[in-house]
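1. Below: sequence and its predicted model.
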Amino acid sequence: MKSISISVLIATLLLGNGAFANEESTMLLSNSEKAVALLNAIETGDQQALGYVDAAHYTQHNLAVADGLAGFGELLQALPEGSARVKVVRAFEDGDFVFTHTDYNFFGPKVGFDLFRFNDGKIVEHWDNLALKAEQPNPSGRTQLDGSTALTDLAHTEANKALVTNFVQHVLVNAEYDKLGRFIDGEQYLQHNSMIADGLSGLAQAIDAMKAQGISMVYHKNHRVLGQGNFVLSISEGAFAGEPTSFYDLFRVENGKIVEHWDVLETLLPEAEWKNSNGKFGNL
């Protein structure tokens, strides 16, 4: 049954028809619920979820996927039948944007962030960052996806976004590591990067280890900071080990300090391999 529904979904996408959801169901759902439903459709083949997309104006920023819903359909067509798995672990809203943190089996086990922009209640734009899922927990026993999911502190959304914006600019972009203590809650800091241990001490050890191996991690520019309550997502570009890289960093903030961190690093495709011309960070 599932493989049949995926086939129908692919055919629908390739025909460019995304008008299955009725207006009543669309009005009842939040934007985050619509985004989650669209992601789940990769596994379930739910045709109704296509109605949450403005097919005539859908812009794609995944550089490996052609523009529009037809490009998404072509990508699904390349998937081995019945192989897709999607589990959205976190989903948050900021104005017209929804960002999600997802456990995928999508051409292999992956972890990813997806960002959707809505207009008049429909999805019109998509960005993402994907990486292979680590086989083992990090030195502190944490995975890339576990940890807190509870949304709190809604009244402090803007303050939390400002904290992360300053952290990214001063520490990640400007490399002012002496200011780490202003932003991070010392040894209470929980780390989900697959190679780094908890606390400022774990972060310092990782930085020293990379230096010793001649591996550089450079943030050149922050493109967007989005947040809801205690969760804030930063989208930046730079280089890792000399390769152009997209950095998606998710932070949990508590009492004015960063207390938890997840990330996904994706090496940017060479421009000759792009399947759309919208840019990885276009319109952010």
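-> Sure thing, it's come through.
2. Surely residue 197 forms part of a strand?
-> No - assigned with DSSP: H, G, I helix; E, B strand; the rest coil, residue 197 falls outside any strand and is coil.
3. what about it, neighbour count?
-> For residue 197, the count of nearby residues is 17 (other C-beta atoms under 10 Å). In this view, the C-beta of every residue, glycine as well, is placed from N, C-alpha and C.
4. Next up, the contacts around the closest residue to residue 184 other than its chain neighbours.
-> Excluding the flanking residues, the one nearest residue 184 by C-beta to C-beta, 6 or more residues apart in numbering is residue 258, at 5.0 Å. Contacts here follow C-beta atoms under 8 Å, 6 or more residues apart in numbering; on that basis residue 258 touches 163-164, 167, 183-185, 189, 251-252.
5. ok, now residue 101?
-> For residue 101, the contacting residues are 88-91, 111-113, 145, 250, 262, taking C-beta under 8 Å, 6+ apart as the criterion.
6. ok, the residues you listed vs residue 210, which is closest?
-> Comparing those against residue 210 with C-beta to C-beta picks out residue 262 as the nearest, at 18.9 Å.
7. residue contacts, that closest one?
-> By C-beta under 8 Å, 6+ apart, the contact set of residue 262 is 101, 144-145, 147, 192-193, 249-250.
8. The stretch 51-200 of the chain: helices as residue ranges?
-> For the stretch 51-200 of the chain, the helices defined by DSSP state H, counting those that start in this stretch cover 68-78, 157-167, 180-183, 199-212.
9. got a list of contacts for the following helix or strand past the longest one?
-> Taking DSSP states H and E as the definition, the helix or strand that follows helix 199-212 towards the C-terminus is strand 217-228. By C-beta under 8 Å, 6+ apart, the list of residues contacting strand 217-228 from outside reads 92-94, 97, 99, 115, 151, 154, 157, 160-161, 164-165, 168-169, 172-173, 210, 232-241, 247, 281, 284.
10. Swap in 6 Å and give it another go.
-> If you take C-beta atoms under 6 Å, 6 or more residues apart in numbering as the criterion, strand 217-228 is touched by 92-94, 97, 99, 157, 160-161, 164-165, 168, 172-173, 233-240, 281, 284.
11. ranges for the strands of the stretch 1-150 of the chain?
-> Along the stretch 1-150 of the chain, counting by DSSP state E, counting those that start in this stretch, strands occupy 59-60, 85-94, 97-105, 109-119, 122-132.
12. could you dump these to TSV with distance to residue 45 and mean pLDDT?
-> Supplementary listing: the strands of the stretch 1-150 of the chain in TSV, determined by distance: least, C-beta to C-beta, whole Å; pLDDT from 0 to 100:
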stretch	distance to residue 45	mean pLDDT
strand 59-60	20	97
strand 85-94	11	98
strand 97-105	15	97
strand 109-119	18	98
strand 122-132	18	98
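13. Tell me which of those strands is the most buried.
-> Ranked by mean neighbour count, the strands of the stretch 1-150 of the chain are led by strand 97-105 with a mean of 22 (mean count of other C-beta atoms under 10 Å).
14. So what pairs up with residue 237 in the strands?
-> Beta-bridge partners recorded for residue 237 (DSSP bridges): residue 221, residue 246.
15. Counting neighbours, what do you get for it?
-> For residue 237, the number of neighbouring residues by other C-beta under 10 Å comes to 18.
16. Now do the contacts for the closest residue to residue 282 other than its chain neighbours.
-> Distances taken as C-beta to C-beta, 6+ apart place residue 61 nearest to residue 282, at 5.7 Å, with adjacent residues excluded. With contact set as C-beta under 6 Å, 6+ apart, residue 61 has these partners: 127, 278, 280, 282.
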